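# sequence first, then the predicted structure:
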Amino acid sequence: MTAFAVRRGSSRQLAGTSTLLRFALRRDRLLIPVWIAVNALMVLSMPNTLEGLYGTPAERAGLVRQMESNSSLRAMVGPVFGDSLGALTAWRVGIYAGSLAAVMSLLVVVRHTRDEEESGRQELVASGTVGRRASLTAALLAAAVANTVLALLVAAGLTGRGTAGALALGLGIAGVGMVFATAAAIVAQLTESARLARGLTAAVLGAAFVLRAAGDSATADGSSVLTWLSPLGWLEHLRPYASERWWVLALFAGAVALQGAVAYALAGRRDLGMSFLPTRPGPASGRLGTAGALAWRLQRGGVLGWSIGFFLAGVVYGGMTEGAADLVGDNADARRIIERMGGQSGLTDAFLASMIGMLGLVAALWIVASVLRLHGEETSGRAEPVLANAVGRLRWAAGHLVIAFGGAALIMLLAGLGFAVGYGRQTGPLLAACLVQLPAVWVIGGVAVLLHGVLPRAAVAAWGVAGAVLLIGWVGPALDVPRAVLDVSPFGHLPKLPGGSMEWGPVSVLTGVAVVLVAGGLAGLRRRDMTT
């Protein structure tokens, strides 16, 4: 009788899970496919690229020997455990594919747990026949579906290089994604803010990357304790295409099970909408007399985190510039790809330009997230009390947009300073190269403003635009896609600095396009009804 009661109670706790799962997948019908496509194409395009760069066993063996003595590049991409094309693919993109899967997973879980509670929608859902843990289960299952599809695509696409290695790499990437999905589930129980939940989980991912980088830099075979402390390090130690260590999958399974159990326990011990780390009540310190001051208070944590991250990334990439030039050496194909990403100039300048361009692409994610904070404030109902006072819509929006567009300038400026510190020279050219990325970043931000102002229900599509730009910028040069495809991205029209010549025409046009998009979005916001 007791066992029956327990089973019955458990089923009640999960009532409505299947319905919520279908709803979550429907809501993410754009977000999840874009993330999966970007990640899968990045992985599946790499074998052919590497085959063109290192076509003979001797060239691949030489690459392995060079990596063993290049600690800065090991910190960036990890150690290499074999000289087959499959092993080199796992080495080159494994860490980044796992990181992208982690970001996708944490966004999905937080969106369907803490975001729903913060907006008040979960309270309406909970008034029906929905179990206490149904929303958490549906969110984790949605993340599991996304990671499973990603794993299947990677495994199927790389089977020709070896079935065992392809399966190991696919499962490893999905394993990293699920580790951070369950980590996000825990953080979502601890905080009252979805923004803080995303930020804290992203910080955990950043710490995992730093631990892995420090461990890989210290040892050539990844045997450092620091590497073993990171889920990204577990992906390395799975060793796809290099005598796979299948037992490492138990680490992923154990972490997912343990973190999932903790998340479920926490979910059962708190009231809906509450958290174990509640937001400190007022009165707030400092002045919040303007809409701009309120926007700064809401977004200052994000600005600080992204600023620190971009500065450190600049230091790291700047410090490894000489090592990258040594690694490429006389490989004409590798030189051609780097120069295609960074411009027709010296190899060092081309490498710097390509790394700065990658940070520019990442900055597009910042500006989309910052602009869509307007959407979150509006749909959660928090904008209404502000607009009920003597604050117009344009003034309210301007506070957030100044931070979004100005914050993009700040993080790129700090990235330039980081490059100058790491590389130790060319401070002026490096700052100019970082700042010239801004018009393209602002165009992506302008798209987000336009969608929010004119089609608020489709505002999340701005993430799809940013994802498509990332895909073109990261994968396009390696695949040698036509110039017309590269030009779809606003980043394809920027001058390639340092090393290239400054071209004011494209910069001016892109800036004008950004202004027009923002103006159109604000005009739409001023005329439409506010959404809830």
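Cool, got the structure. No experiment lies behind these values; they were computed from the predicted model shown.
# can you tell me the centre-most residue of the protein?
Central residue of the chain (Cα atoms, centre = their mean): V103, 4.9 Å from the mean position.
# residues in contact with V386?
Taking Cβ atoms under 8 Å, 6 or more residues apart in numbering, we find V386 in contact with 291, 294, 377, 396. For glycine as for every other residue, the C-beta is placed from the backbone atoms N, C-alpha and C.
# E378 versus that one, what's the distance?
Distance, V386 to E378, by Cβ to Cβ, to the nearest Å: 10 Å.
# do the same with A350
Remark: distance between A350 and E378 (Cβ to Cβ) = 43 Å.
# and for V262, the neighbour number?
Neighbours of V262 under the rule other Cβ atoms under 10 Å: 15.
# isn't it right up against I186?
Yes - in this structure, V262 is within contact of I186 by Cβ atoms under 8 Å, at 5.5 Å.
# which neighbours do those two share?
Common neighbours of V262 and I186, using Cβ under 8 Å, 6+ apart, do not exist here.
# hang on, the earlier thing: wait, the residue nearest to the centre of the chain sits on G206?
No - counting by Cβ under 8 Å, V103 sits too far from G206 to count as a contact (10.7 Å).
# got the contact list for stretch 28-48?
For stretch 28-48, contacts defined as Cβ under 8 Å, 6+ apart pick out 25, 85-86, 88-89, 92-93, 96-97, 100-101, 103-104, 107-108, 111, 142, 145-146, 149-150, 153-154, 157-158, 161, 169, 173, 460-461, 463-464, 467-468, 470-471, 474-475, 478-479.
# for A369, what are its contacts?
G302.
# quick check: mean pLDDT across stretch 207-227?
Averaged across stretch 207-227, pLDDT comes to 81.
# and stretch 148-159, by the same measure?
Averaged across stretch 148-159, pLDDT comes to 93.
# outside of that stretch, which residues touch it?
Contacts of stretch 148-159 (Cβ under 8 Å, 6+ apart): 36, 39-40, 43-44, 47, 86, 89, 97, 101, 165-167, 169-171, 173-174, 177.
# show me how to select, in PyMOL, the buried members of these.
Here is the PyMOL selection string for the buried members of these, based on 16 or more other Cβ atoms under 10 Å:
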select buried, resi 36+39+40+43+44+47+86+89+97+101+165+166+167+169+170+171+173+174+177
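# show me the contacts of stretch 148-159 that map onto helices.
Mapping these onto helices (DSSP state H) picks out 36, 39-40, 43-44, 47, 86, 89, 97, 101, 165-167, 169-171, 173-174, 177.
# re earlier: A350 and E378: which has the busier surroundings?
A350 (27 against 22).
# that one contacts G499, doesn't it?
Yes - between A350 and G499 there is a contact at 6.4 Å, judged by Cβ under 8 Å.
# per-residue pLDDT, D480?
D480 carries a pLDDT value of 62.
# cool, and A519?
Here the pLDDT value assigned to A519 is 94.
# please apply the same query to the one 5 residues further on.
In the prediction, the pLDDT value recorded for G524 is 89.
# ok, now which ones touch it?
Each residue near G524 by Cβ under 8 Å, 6+ apart is listed here: 450, 453-454.
# now with 7 Å?
Residues near G524 by Cβ atoms under 7 Å, 6 or more residues apart in numbering: 453-454.
# in which helix or strand would I find it?
For G524, the host element (DSSP states H and E) is helix 504-527.
# distance of S230 relative to R526?
48 Å.
# which of the two has more residues huddled nearby?
Shown here are S230 and R526; by other Cβ under 10 Å, S230 has more neighbours (24 against 12).
# contact partners for the more buried one?
Residues in contact with S230 (Cβ under 7 Å, 6+ apart) are 208, 211-212.
# what about the stretch 151-300 of the chain, any weak spots by pLDDT?
270-289 (pLDDT under 70).
# can we see that at 90?
Within the stretch 151-300 of the chain, the stretches with pLDDT under 90 are 160-162, 187-227, 241-244, 264-300.
# which parts of it are helices?
Under the criterion DSSP state H, counting those that start in this stretch, the stretch 151-300 of the chain contains helices at 163-190, 194-218, 225-228, 231-237, 249-267, 291-319.
# count the neighbours of T163 for me.
When neighbours are defined as other Cβ under 10 Å, T163 has 11 of them.
# again but with L365, I slipped
L365 has 18 neighbours, counted by other Cβ under 10 Å.
# with A37 as the reference, measure out to it.
As judged by Cβ to Cβ, L365 and A37 stand 16 Å apart.
# correct me if wrong: G260 contacts A181.
No - using Cβ atoms under 7 Å, G260 is not in contact with A181, being 8.8 Å away.
# correct me, but L136 touches T113?
Yes - counting by Cβ under 7 Å, L136 does reach T113; the two are 5.8 Å apart.
# between the two, which contacts overlap?
Common neighbours of L136 and T113 (Cβ under 7 Å, 6+ apart) are A185.
# return the distance of stretch 152-165 from the chain's centre.
From the chain centre to the centre of stretch 152-165 is a distance of 24 Å (Cα atoms, centre = their mean, to the nearest Å).
# if we can go back for a sec, which one, of the helices of the stretch 151-300 of the chain, ends up nearest to T19?
helix 249-267 (18.1 Å; Cβ to Cβ).
# CA atoms of that closest one as CSV?
The C-alpha coordinates for helix 249-267 follow below in CSV (Å, rounded to 0.1, in the frame of the first residue of the first chain):
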residue,chain,number,x,y,z
LEU,A,249,30.6,8.5,-20.2
ALA,A,250,29.8,7.3,-16.6
LEU,A,251,31.1,10.7,-15.4
PHE,A,252,28.5,12.5,-17.5
ALA,A,253,25.8,10.1,-16.4
GLY,A,254,26.7,10.4,-12.8
ALA,A,255,26.8,14.2,-12.9
VAL,A,256,23.5,14.5,-14.7
ALA,A,257,21.8,12.1,-12.3
LEU,A,258,23.3,13.8,-9.2
GLN,A,259,22.5,17.3,-10.3
GLY,A,260,19.0,16.3,-11.5
ALA,A,261,18.3,14.8,-8.1
VAL,A,262,19.4,18.0,-6.4
ALA,A,263,17.2,20.1,-8.7
TYR,A,264,14.2,17.9,-8.1
ALA,A,265,14.7,18.0,-4.3
LEU,A,266,15.0,21.8,-4.4
ALA,A,267,11.9,22.1,-6.6
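# quick one: F209 and L312, what's the gap?
Distance from F209 to L312, counting by Cβ to Cβ: 11 Å.
# same thing with L211?
14 Å.
# E236 now?
Relative to L312, E236 is positioned 21 Å away (Cβ to Cβ).
# neighbour count for those two, which is higher?
E236 (28 against 17).
# contacting residues for that one?
Going by Cβ under 7 Å, 6+ apart, E236 touches 78-79, 94, 222, 227.
# with those residues in mind, which one is nearest to A15?
Closest to A15, out of all of the contacts of E236 and judged by Cβ to Cβ, is G94, at 39.4 Å.
# what number of residues lie near the closest one?
Neighbours of G94 under the rule other Cβ under 10 Å: 24.
# the chain should start at 234 in everything you say after this.
Shifting the count to begin at 234 puts that one at G327.
# what ranges of the stretch 634-765 of the chain fall below the confidence cut-off?
In the predicted model, the stretch 634-765 of the chain carries pLDDT under 90 at residues 651-663, 665, 686-722, 724-739, 757-765.
# thanks again, I'm all set now.
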